[in-house]
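Enquirer: let's see this in three dimensions:
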Amino acid sequence: MDLEKPAREGAEERVDLRKQGTASPGPPVPGAPEGCLAVAIRIPVRIVVLVLVVPVRMAWDALVVAGRFLNDVLFRPLGRALLWLGRAVFVWPVVGLWRYVVVPVGKALGWLGNVLLVVPVVWTYRYVLTPAGHGIAWLARGAGAAFGWVYAHLLTPAGHAVTWVLKGLGAVLAAIGIGVWTALAWLAKYLLVVPGVWLWTWVLAPVGRAIAWCGRGLVWLVSMIVAGIGAGLYWITRILLVLPGLALWRWVLAPVGRVLAVIGREVWDALGHAWRVAGHISLAVGRFLATLFRWAFVEPLRWVYRSVLKPVGHVVRDTVLRPAAEAARAVGRATRQALATARESARQARADFRRMLLGEPRRARPVDRGEPSGRGTRTLGSSTTALTKD
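Expert: Residues are numbered from 1 along each chain as shown. The predicted model follows:
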């Protein structure tokens, strides 16, 4: 059981705090001012919290050790087995289906589409649509040339003549329009503009100024009424709500909050201190239980294995298992030799029976192919020169 981790974590935390130059949570610094309330509640709170935290810390350490044991023994092998099962059930069939079904079918469909669609379309475009398009383009160029000739020699002169006639009519109509516009402008000035200016100057402007003065007075009156009502509401709210709330915060809530903050800080410090002390206690208890388990079960089992089971196993191995293995190997060798002899005897019997029924098989006679034979081996009695050749 790994019960030394809490102690290691506490030691590493203290070393880090020393390196950072900050004091570990615990007894206050002697130079720091503390109130009598903090000193009065510190020891009882730490005692009560220690009594409450020690069982929780021991249960937590036991759960951690049990969780690690279950993770190593059960969850990790189970996860690997489920992963392998998932691969065997889902991944490998999908990969096989893709590799051996979908890809070949896709290649076959691609080849079929190329043969049935792409090749006919390309042939149609190359040998039918392209010549037809060239012919249509040639006809369009001829029609364009004919239209250009008609435009240059017929439409352009007719357009110039129509433009000259329209310019003359436009000049006549412009002269008539200028006279009509001058008459209409004079009538509008003396029938509309002059009466409108007189009406604005002597009627509408004075009436508008009077209405604006009345509106400003009404706005000032309403603003004064609203300001008075707002001032009254402000003082009523200040006297009935703000001042009592301020007094309640200053004389009740703030002192109670300070007391609760001191109590909460001391409880938090006591929890941290008790958690670390409970870690040491849990470590000591775990070591004691581990030692007790070792001397109660492990050491006797080890002694039994070393002093009883191992010598007995060696005796059984040397007196029973090894002779039995040697005898089994000897029996196996004898059996294999007997079987080989029996197979050879059966083969010879079949060959004799075949020769008795069918006779000796014909031997292949050598065929002279007219090729030179190999030179014989040179000896002491032979020679290769012309004078001494045998």
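Enquirer: quick one: low-confidence ranges for the stretch 1-150 of the chain?
Expert: Residue ranges of the stretch 1-150 of the chain with pLDDT under 70: 1-41.
Enquirer: can you do 80?
Expert: 1-51, 53-54 (pLDDT under 80).
Enquirer: what ranges do the helices span in it?
Expert: Counting by DSSP state H, counting those that start in this stretch, one finds helices in the stretch 1-150 of the chain at the ranges 5-20, 36-70, 76-86, 92-97, 103-113, 119-124, 130-150.
Enquirer: likewise for the stretch 151-300 of the chain?
Expert: Going by DSSP H, counting those that start in this stretch, the stretch 151-300 of the chain shows helices at 156-188, 194-199, 205-237, 243-248, 254-293, 299-304.
Enquirer: tell me which of the ones you listed sits most buried.
Expert: Among the helices of the stretch 151-300 of the chain, the stretch with the highest mean neighbour count (mean count of other C-beta atoms under 10 Å) is helix 254-293, at a mean of 15. C-beta here means a position set from N, CA and C on the backbone, and glycine is covered the same way.
Enquirer: that one - contacts with which helices or strands?
Expert: Applying 3 or more C-beta pairs under 8 Å, 6 or more residues apart in numbering; DSSP states H and E, one finds that helix 254-293 makes contact with helix 5-20, helix 36-70.
Enquirer: can you tell which of the helices of the stretch 1-150 of the chain is closest to L233?
Expert: Evaluated over these, closeness to L233 peaks at helix 36-70, with 42.6 Å, by C-beta to C-beta.
Enquirer: would you indicate which residues of that closest one are buried?
Expert: Neighbour counts over helix 36-70 (16 or more other C-beta atoms under 10 Å) mark 41-42, 45-46, 49-50, 53-54, 57-58, 60-62, 64 as buried.
Enquirer: and the gap between A231 and L221?
Expert: 16 Å (C-beta to C-beta, to the nearest Å).
Enquirer: same check on A330?
Expert: 133 Å.
Enquirer: can you check L166 too?
Expert: If you go by C-beta to C-beta, the gap between L166 and L221 works out to 71 Å.
Enquirer: before we move on, what about D72?
Expert: Distance from D72 to L221, by C-beta to C-beta: 88 Å.
Enquirer: and if you look at G245?
Expert: 35 Å.
Enquirer: next: M58.
Expert: For M58, the distance to L221 - C-beta to C-beta - is 81 Å.
Enquirer: can you check G106 too?
Expert: From G106 over to L221 the distance is 88 Å, taken as C-beta to C-beta.
Enquirer: picking up where we left off before, closest to E299 out of the helices of the stretch 1-150 of the chain?
Expert: Per C-beta to C-beta, nearest to E299 of those: helix 36-70, 21.1 Å.
Enquirer: out of the buried residues of helix 36-70, flag the one nearest to A146.
Expert: Using C-beta to C-beta, V64 comes nearest to A146 of the buried residues of helix 36-70, at 99.6 Å.
Enquirer: so how far is V121 from the closest one?
Expert: Distance, V64 to V121, by C-beta to C-beta: 72 Å.
Enquirer: likewise V242?
Expert: Distance from V242 to V121, by C-beta to C-beta: 87 Å.
Enquirer: ok, now R306?
Expert: In terms of C-beta to C-beta, R306 sits 88 Å off from V121.
Enquirer: and if you look at R276?
Expert: Applying C-beta to C-beta, the value for R276 to V121 is 82 Å.
Enquirer: and if you look at S223?
Expert: According to C-beta to C-beta, S223 and V121 sit 84 Å apart.
Enquirer: likewise L83?
Expert: 50 Å.
Enquirer: ok, now V203?
Expert: Where V121 is concerned, V203 sits at a distance of 85 Å (C-beta to C-beta).
Enquirer: ok, now L169?
Expert: Counting by C-beta to C-beta - L169 and V121 are separated by 60 Å.
Enquirer: also W98?
Expert: On the measure of C-beta to C-beta, W98 and V121 end up 30 Å apart.
Enquirer: just V49 next, same as before
Expert: In terms of C-beta to C-beta, V49 sits 86 Å off from V121.
Enquirer: for whichever strand or helix holds G313, the distance to its chain's centre please.
Expert: Using DSSP states H and E, G313 sits within helix 310-316. On the basis of C-alpha atoms, centre = their mean, to the nearest Å, helix 310-316 sits 58 Å off its chain's mean C-alpha point.
Enquirer: pLDDT (mean, whole number) over that helix?
Expert: The average of the pLDDT scores along helix 310-316 is 89.
Enquirer: now the element after it, going C-ward?
Expert: helix 322-358.
Enquirer: so how far is R258 from V48?
Expert: With C-beta to C-beta as the criterion, V48 and R258 are 22 Å apart.
Enquirer: check which helices and strands the helix holding G313 is in contact with.
Expert: By 3+ C-beta pairs under 8 Å, 6+ apart, helix 310-316 packs against no helix or strand.
Enquirer: kindly format the C-alpha coordinates of it as PDB.
Expert: This file holds the C-alpha atoms of helix 310-316, laid out as PDB (Å, rounded to 0.1, in the frame of the first residue of the first chain):
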ATOM      1  CA  LYS A 310      11.000 -25.500  -2.100                       C
ATOM      2  CA  PRO A 311      12.900 -28.500  -0.600                       C
ATOM      3  CA  VAL A 312       9.900 -30.800  -1.200                       C
ATOM      4  CA  GLY A 313       9.600 -29.500  -4.700                       C
ATOM      5  CA  HIS A 314      13.300 -30.100  -5.400                       C
ATOM      6  CA  VAL A 315      13.000 -33.700  -4.000                       C
ATOM      7  CA  VAL A 316       9.900 -34.300  -6.100                       C
END
